[in-house]
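Asks: I would like the atomic coordinates for the input below:
(one chain, ligands or ions: 1)
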Amino acid sequence: MTRRLARPVGITATGQHYPERVYTNDDLAQFMDTNDEWIRTRTGISQRRWVEPGQGASDLAAPALQMALDRRGMKADELDAIIIATVTPDTFFPSTACRVQEKLGATKAYGFDLSAACSGFLYALTTGAALVASGTHQKVAVVGVDIMSSIINKEDRTTAVLFGDGAGAVILEAVPEGGILDFEHFIDGSGGCHLFMPAGGSARPASAETVAAKEHFVVQHGQDVFKKAVREMAEISRLMLDRNQVSPDDLKLFVPHQANLRIMDAAAKRLELAEGRMMVNINEFANTTAATIPTALHQAQEQGRLGKGDTVVLSAFGAGFTWGAVLLKWSC
Ligand code: ACO
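Replies: Numbering: from 1, shown residues only. Predicted structure coming up:
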């Protein structure tokens, strides 16, 4: 059974924003025991961008959303709602949505943050689309943003090399046809022990002890996550095609979450994708968690790889475990 919205809702504009500072694999090898060859062959990553100290998620999210608004010719005060997918908010509260609303002057919008790690943007996208489809909201902004450099231990080569900072934004509106055609999302909390941040939440609040033990950083059991990610990303992407009777030849672009090129290639293989139909930006920006898919969409459009009416599959897998996929016809 497909999950069809009550009326067509599409992405009508995109935007992105990254920090200025680029860190190549060789730069990282200056201060941790790693090397360019290992990182590139195991992950597909060549470089990433990290913020300067003091920059928070809203500092990337606001300009990304402003770019999307400008491209749509829309004023911030036309927005009805702002949904921010992130696991690295400026602060637990107020939400990053509140900060972005204030920075942009989106005076008529309310908003909230949504936490689903690397699947966050897809969950936020379909949540925002449902608001528009219901008829109660006309113009909804969805932003995926993460400052992963704020939660990685730069002495831990098994995680630090994998992540970057960035933000991608989209505007959702009702469209005459096409837009989001189907989606599916899952969680499996039994995977929580394989990818998590041990402290800083209510169960283990910050203390001198947790800081000394470096418990405010990402912990990942790479191979356990890898195995599950390969299987689930491939399966859910294929599900989008099969249950909508879309043939791989009709798929213009596959935009997977960018955690590891090997995971992405496995999903592309399961989709029987033709050469050149998968969007890749992990080489340049690494894993920006909730920002990978909206930035990849923005870049695909900039590169002329996406046009109105094109069929696209988005899919993601991340901490939780969380995973999901969306089938859509491009609307801008
Ligand atoms: N440089 C050099 N060597 C390294 C590095 C590094 N940066 N990192 C690990 N190694 C070493 C290890 O110490 C190990 O050495 P050993 O054999 O002497 O013990 C060896 O390389 C192999 O390590 P593995 O962990 O087995 O490497 P693997 O091939 O599994 O790759 C990786 C690790 C890239 C993390 C992979 O497991 C992966 O991509 N996992 C999934 C990530 C993912 O999808 N995350 C979900 C999204 S993120 C989110 O939601 C926030």
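
Asks: Could you check how far residue 148 is from residue 162?
Replies: 8 Å (CB to CB, to the nearest Å). Yep, even glycine has a C-beta here, placed from its N, CA and C like the rest.

Asks: got any residues that touch both of those two?
Replies: Counting by CB atoms under 8 Å, 6 or more residues apart in numbering, the common neighbours of residue 148 and residue 162 are residue 287.

Asks: who's more crowded, these two?
Replies: residue 148 (25 against 22; other CB atoms under 10 Å).

Asks: Could you pull up the residues touching the more buried one?
Replies: Residue 148 neighbours (CB under 8 Å, 6+ apart): 88, 163, 164, 165, 218, 287, 288, 289.

Asks: Of those, which ones also sit close to the ligand?
Replies: Near the ligand, judged by CB under 6 Å from any ligand atom, the entries from these are 287, 289.

Asks: and the most centrally placed residue in the chain, what are its phi and psi?
Replies: By CA atoms, centre = their mean, the chain has its centre lying nearest to residue 290, at 2.7 Å. Backbone torsions of residue 290, given as degrees, to the nearest 10, read phi -70, psi -10.

Asks: How about the contacts made by residue 126?
Replies: Residue 126 touches 3, 180, 183, 185, 324, 326, counting by CB under 8 Å, 6+ apart.

Asks: no no, residue 159
Replies: 152, 153, 217, 218, 219, 220 are the contacts of residue 159 under CB under 8 Å, 6+ apart.

Asks: can you rerun that using 7 Å?
Replies: 152, 153, 218, 220 (CB atoms under 7 Å, 6 or more residues apart in numbering).

Asks: Run a quick check on the second one versus residue 214, I expect a contact.
Replies: Yes - between residue 153 and residue 214 a contact is recorded at 5.6 Å, counting by CB atoms under 7 Å.

Asks: okay, those two: which has more neighbours?
Replies: Using other CB under 10 Å as the criterion, residue 153 and residue 214 rank with residue 153 on top: 16 against 13.

Asks: coming back round to it: and the contacts of residue 126, which of them are buried?
Replies: 180, 183, 185, 324, 326 (16 or more other CB atoms under 10 Å).

Asks: Can you check the pLDDT for the last one?
Replies: Spelled out, it's residue 326. If you check residue 326, the pLDDT there is 98.

Asks: Quick check: closest non-adjacent residue to residue 205.
Replies: residue 199 (7.3 Å; CB to CB, 6 or more residues apart in numbering).
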